[in-house]
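Peer 1: Predicted model and sequence below, questions to follow.
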Amino acid sequence: MADTSFYTEDICTLASSPGTKIGIVERTTNDIDTHLPHPERQYDNLICHKDIPKPQFDRFKKTGIPPLDSVLVEWKNDRRANAQLIPTRLLKLVDRALLVGDIVKGGVTDSMSGTVVETMVTCTLYPSATSRIKFEEGEGGSQSENGGASEGGTVGYDIQEADLLLDIPAHEIRSANDFEEGSMIIYHDWVGRIEDVFDEVTVRLSNGSIVQVENADELRPLHKPEGDRHEVGDIVKTKQGNLKRGEWIVGTFDTAVTPVGDVIGVRVSKVQVAWLCRRLYGPAGADSHIEPPGHLSAATLNSGQVHIYDRSLSPSKDTASAIGRCVDFIVGTGVRFKDLAGAAMKYDGTKSINESGHKNHVKKVPQSATSGFDLNVYMIMSLKTKATVLWQDCTTTTEDSTQLIPDINLEDESEVWPGEIVVSQEAATVPGHDWILEYRKVGVVQSVSAADRLATVLWLPDAKIQYHNIADVDEYMSPALLPGSTLGLPAAPPTKSTINKPPNAVLEDVTLYDIRAADGINKRRGDFVILHPPDEAGLNASRQLDWIGEVVDLGNDGYLTVRLGACNPVKDVKVSPEYATIVYSTDMPSAPGEDGYDNEFDSGDDGESLSGSNETGYRTEDEEVWELPDGVPVSMEDGEWSTADEDSDEEMPLDLGAHGLVKVLTDKMIDDNVKRRQRDFQEGYAEPMEGVEETSTPAAERSQPTLHEHQNESTIPDSGVSLPQTAQESPIHSRTAASPPPFAVLESEPPDSTPYLTPPPPPLTTSLMKRIGKEHRILSSSLPDGIFVRTWESRLDLLRVLIIGPLDTPYEFAPFIIDLNIPPEYPHSPPLAYFYSWTKGQGPVNPNLYENGKICLSLLGTWHADEKGENWSPSRSTILQVLVSIMGLVLVKEPYYNEAGFEVRAGLADAAVPSQLYSERTYFRSRGFITHALTNEIGGFADVIQWVYVSEEGEAPRLLDKAVEAAREILEKGMEGRGVVGRGGLSRMSKGALVMLGREVKALEEVRGSLSVGRS
């Protein structure tokens, strides 16, 4: 059973007076996709409930993130409150809008999710076009966007209970307007999506006169928020001139008549269409090569050549499959009955439909009584959704949508569902074609044990999936599926009696970490596709609209079920997925400028520089000056980093060790963290920090405890003013005369593997040499335990870093190699950084460490900062600071929260399971880093790797033995079912992860055995 949390697109009302207001949840704390900064730019009248403190509202207006236990609601029947930030305790959940294809869970802590395969929606309707309007005082007060008071009144319909139509099936109604924004449109063998609709609106005034107004945009609704499309039944106000210059149908313009009336007609004058794709491989003579115009006139729309795809249609009962319609309505919109005469007969007011004896009565309004206008329009007052869900274990349930919750944790690349096409992790390039990557095995998921991270897969023996092998692909792109990729199935099942299991197909139980979804060939329920199968399939061969449809089911035999909703009659067909091309999916990213598009360079703070300092990079009056432990200030003069007592070329003695400069930095960062945590607590965004005096803010107004409260979309607070409150503990605790030095300048040439070897840099300037020298002196004396740095006499602009994963994190004992390049403009630009990922393409080990080598860190300039001072500062930032930040803020106990925007989820119940899963796969992948380092030459660190992992000297760390011992301990606890792991940042480990960890332990033991033989 679902909890009482609210999610985006939930329908809600006021708990104290249900029904007086109906709203839709627009933003929540845990849905990061809604966290666009400056929400007042999106909403005309943004207000705040009086129970939310003004500092919290002010911060919400900047960040766009609602405080914990509050949501942003757009009220559909209150024009005064377009959107309101309101505590969730004051709301009541009415319905949860779910669509076919949505991924849901039964509870926030459930491991298993499911796919909505059918929805049954019923509506409460009211005859809005024939109803009166009334004004009601609202509940509670609010603060307006500018901080002032706003009355909570509503202007709405004078609803008479007898006129309500209850439990009307949604498939019996349609939109009051024939053409809607977002609808799929088909014209001249092209399919597109309506982007905008232009209307001509007719208004009836109080004296009975009727006029088509000159400009519909000048009409102001009196009962709903402005900006919504006008519908029949709306009460509107306008200017006298808009009426005077209009087209008068009944009566004439009269200045004595108040310019207020009701909308009785809405006619589309034109639509704007984004054309998506033309028909592929159609019959001879198909007119599909010339793209239609971007605007279609009313004459074209009514020509009979334009078709609107109706997702509510389904095949007739004798041919229907077990999957249902997809109906997408929202509260507050106008609708009509598809068959008004049939509805009038069905709902004639003679049958009671509930225990109270309510009788639905559809009263048809004749057009002869309304000057030829059709006023049989109803407003959706409420919705009730039942959803049929196919769970990952292949069970099916049907329940109220309010008992389900949307699964917002869809970032796990190892998650799969029944019917999904997957490939094994083993892949290789095609001989003679290094640019082609082919996976060894292709199959269809049959069922999933989500908690165990295991799946049953049907492997298809004749399948062939190939991709363009881009070794350094952009982190936001997927490899391109190559033509000719196939599942090896017939285009369509030959007969209905065909056995689901293809010949020679093999069933196998595998871990979710052994497989991945096959990009490019997979389709999801709800995707719109163009069909282009071979001729024998009998599709796309005539002038019928049998080439465009919606995916409604994924079979466990590999076939898609596609509903041809534009066909007459509607029918479902099965095709192999390579013969279906997606033209539109809700997963498609928004274009720049559209809602939801995130500009990564938008700091969310107008007028503030991203640099964290002034344009020259020098210290301003309010900038901080770093001091070394002896009190010597570090300043910036004439572009050189110098200290006040430096008057000679002698080496500056900086024998600070791990508790010197690093402690100074860390202490200062902790102090800033405390100050910021106190501020966040006062503003309702964090719990009070241990050891920090609480303010007087009531507990009810506090927000969630946040591990990385000043991250924004993966911006790690890394600027030297925000290291972790508790430093990570390194597994290396001692340095002796026998141990390799933490920092060294090597006489050998730098390794060929570094990406910064070419092109050769320009000669180092004197000022840059001095700055590099200072950096070297700090690194030589102040590196914390677990960090080693090497540079080369021939290339002082290059550094190679080895960081040993801290204890009690998924990274413990593992080596992480990073190359740094000091650019010629340093320190006015941060160093360049490259991370060596050794996961063999199976996924990253950290949201900030990309498989293509990118390190996402605001201090390195690879991500924007949320706060001033988090970016690179020429006067304050150092390479040491970069390394300490990576060790303390990237290699953390719960890396899941380093993902873009996820810091707001820390402490929330629905983040516990995905965080645990991220940590377990990070742990076993990190074990592979140890194997790689011991079986491959790591230029510059051969002696360090030897000493850290395999040396048997008395004080050597012997981390190979410790890593094997720790992993063995986890395996034993897991196999015995003891659950809690208690090390490596892990609370538990699934069976699938234990299998993967067992493989890594075996590899480590083989390496250890071979090294022992070599020593002997």
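Peer 2: All right, it came through fine. Numbers count the residues shown, from 1 in each chain.
Peer 1: can you point me to the longest strand in this structure?
Peer 2: Using DSSP state E, we find that the single longest strand of the chain is strand 260-278.
Peer 1: Now it: average pLDDT?
Peer 2: Average pLDDT, strand 260-278: 95.
Peer 1: in its sheet, what does it sit against?
Peer 2: Next to strand 260-278 in the sheet, as set by DSSP bridges, lie strand 190-205 (antiparallel), strand 235-237 (antiparallel), strand 295-297 (antiparallel).
Peer 1: C-alpha coordinates for it, PDB please?
Peer 2: The C-alpha coordinates for strand 260-278 follow below in PDB (Å, rounded to 0.1, in the frame of the first residue of the first chain):
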ATOM      1  CA  VAL A 260     -18.400  40.100 -19.700                       C
ATOM      2  CA  GLY A 261     -19.900  37.000 -21.100                       C
ATOM      3  CA  ASP A 262     -19.700  33.300 -21.500                       C
ATOM      4  CA  VAL A 263     -17.800  31.400 -24.300                       C
ATOM      5  CA  ILE A 264     -20.300  29.600 -26.500                       C
ATOM      6  CA  GLY A 265     -18.000  28.700 -29.400                       C
ATOM      7  CA  VAL A 266     -14.400  27.900 -30.000                       C
ATOM      8  CA  ARG A 267     -13.300  27.300 -33.500                       C
ATOM      9  CA  VAL A 268      -9.700  26.400 -34.600                       C
ATOM     10  CA  SER A 269      -8.300  28.800 -37.200                       C
ATOM     11  CA  LYS A 270      -5.000  27.000 -37.600                       C
ATOM     12  CA  VAL A 271      -2.600  24.700 -35.800                       C
ATOM     13  CA  GLN A 272       1.200  24.700 -35.700                       C
ATOM     14  CA  VAL A 273       2.700  21.300 -36.200                       C
ATOM     15  CA  ALA A 274       6.200  19.800 -35.600                       C
ATOM     16  CA  TRP A 275       6.500  17.100 -38.300                       C
ATOM     17  CA  LEU A 276       8.300  14.100 -36.900                       C
ATOM     18  CA  CYS A 277       8.700  11.500 -39.600                       C
ATOM     19  CA  ARG A 278       7.300  10.400 -43.000                       C
END
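Peer 1: chain center to that strand, what's the gap?
Peer 2: 31 Å (Cα atoms, centre = their mean, to the nearest Å).
Peer 1: can you start the count at 56 instead of 1 from here on
Peer 2: Right, with 56 as the first residue, what we last looked at is strand 315-333.
Peer 1: what about Asp251, distance to Phe868?
Peer 2: 58 Å (Cβ to Cβ, to the nearest Å). C-beta here means a position set from N, CA and C on the backbone, and glycine is covered the same way.
Peer 1: which of these two has more neighbours?
Peer 2: More crowded of Asp251 and Phe868, by other Cβ atoms under 10 Å: Phe868, with 28 against 11.
Peer 1: check which helix or strand covers the more buried one.
Peer 2: Assigned by DSSP states H and E, Phe868 belongs to no helix or strand.
Peer 1: Just give the nearest non-adjacent residue to it, would you?
Peer 2: Residue nearest to Phe868 in three dimensions, not counting chain neighbours: Ala1018, with 4.1 Å by Cβ to Cβ, 6 or more residues apart in numbering.
Peer 1: What is the subsequent helix or strand relative to whatever helix or strand that neighbour lives in?
Peer 2: Using DSSP H and E, Ala1018 sits within helix 1014-1030. Sequence-wise, the next helix or strand downstream of helix 1014-1030 (DSSP H and E) is helix 1046-1070.
Peer 1: which of the strands paired with strand 315-333 has the lowest average pLDDT?
Peer 2: strand 290-292 (a mean of 91).
Peer 1: Pull the residues that contact that one.
Peer 2: Residues outside strand 290-292 that contact it (Cβ atoms under 8 Å, 6 or more residues apart in numbering): 188, 210, 256, 258, 274-278, 285, 314-318.
Peer 1: For those, name the two members farthest from one another.
Peer 2: Val210 and Val256 (19.0 Å; Cβ to Cβ).
Peer 1: out of the two, which sits in the busier spot?
Peer 2: Val256 (25 against 17).
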